[in-house]
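> Below is the sequence, then the predicted model.
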Amino acid sequence: MDSNYYIKQLAENGLRIKSFLQDTGRKEQLWKPSEDKWCLLEVICHLYDEEELDFRNRLNHVLTTPDEDLPSSIDPERWVKDKKYIEQDFDEKLTGFLNKREQSVTWLHSLENPNWKNAYQHPKYGPLTAKMFLVNWVAHDYLHIRQIVKLKYDYLKELSHQNLQYAGEW
């Protein structure tokens, strides 16, 4: 497996997320299409927590101690309320995410001959390989990049009060 492709995607996705989110105003950061959806602030808080608590930790665990239980469980939906995402500082979380992503990419490049086939045997899902965690880390980015773009599109539509059909079908 050529892990360099996936690592490059993680690095580039950090830059993509930065370009979509930097210089957004407070109103746009907090805007939600509906009460049950996340705003941009909640998305970046989630990405920060995932970078710190999920993918890197679990990937490292599977590479180094695959026979031990995974680190503590994660609950991103609960984090939104428990960690009071809506009260966080947007720019601090964005900067924090970008710094953590840079650290993650540096760490990934520092790995010497990682065994991407190492697997943790999950009681419900079966073998979870190191490669699976790495690839899903990239996929997770893409899901949230799509979410960010949709939020920005919907915000533009509401802000402008314009029909956006001329731009093309969403």
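Ah, there it is.
> Run the chain-centre distance for the helix-or-strand element of the chain with minimal mean pLDDT.
Lowest mean confidence among the helices and strands of the chain (mean pLDDT, DSSP states H and E): helix 76-82, at a mean of 92. Offset of helix 76-82 from its chain centre (C-alpha atoms, centre = their mean, to the nearest Å): 15 Å.
> Point out the other helices and strands that it packs with.
Contacts defined by 3 or more C-beta pairs under 8 Å, 6 or more residues apart in numbering; DSSP states H and E place helix 76-82 against helix 40-53. From N, CA and C alone the C-beta is placed, and that goes for glycine too.
> pull the CA atoms of the following helix or strand past the helix it packs on into CSV?
Using DSSP states H and E, the helix or strand that follows helix 40-53 in sequence is helix 55-64. Provided in CSV are the C-alpha atoms of helix 55-64 (Å, rounded to 0.1, in the frame of the first residue of the first chain):
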residue,chain,number,x,y,z
PHE,A,55,-8.3,8.9,14.0
ARG,A,56,-4.6,9.5,14.9
ASN,A,57,-5.0,7.8,18.3
ARG,A,58,-6.9,4.8,16.9
LEU,A,59,-4.5,4.4,14.0
ASN,A,60,-1.5,4.5,16.3
HIS,A,61,-3.2,2.0,18.6
VAL,A,62,-3.8,-0.5,15.7
LEU,A,63,-0.2,0.0,14.5
THR,A,64,1.4,-0.5,17.9
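> Which residue ranges of this protein form strands?
Secondary structure of the chain by DSSP state E: the strands cover 119-122, 126-129.
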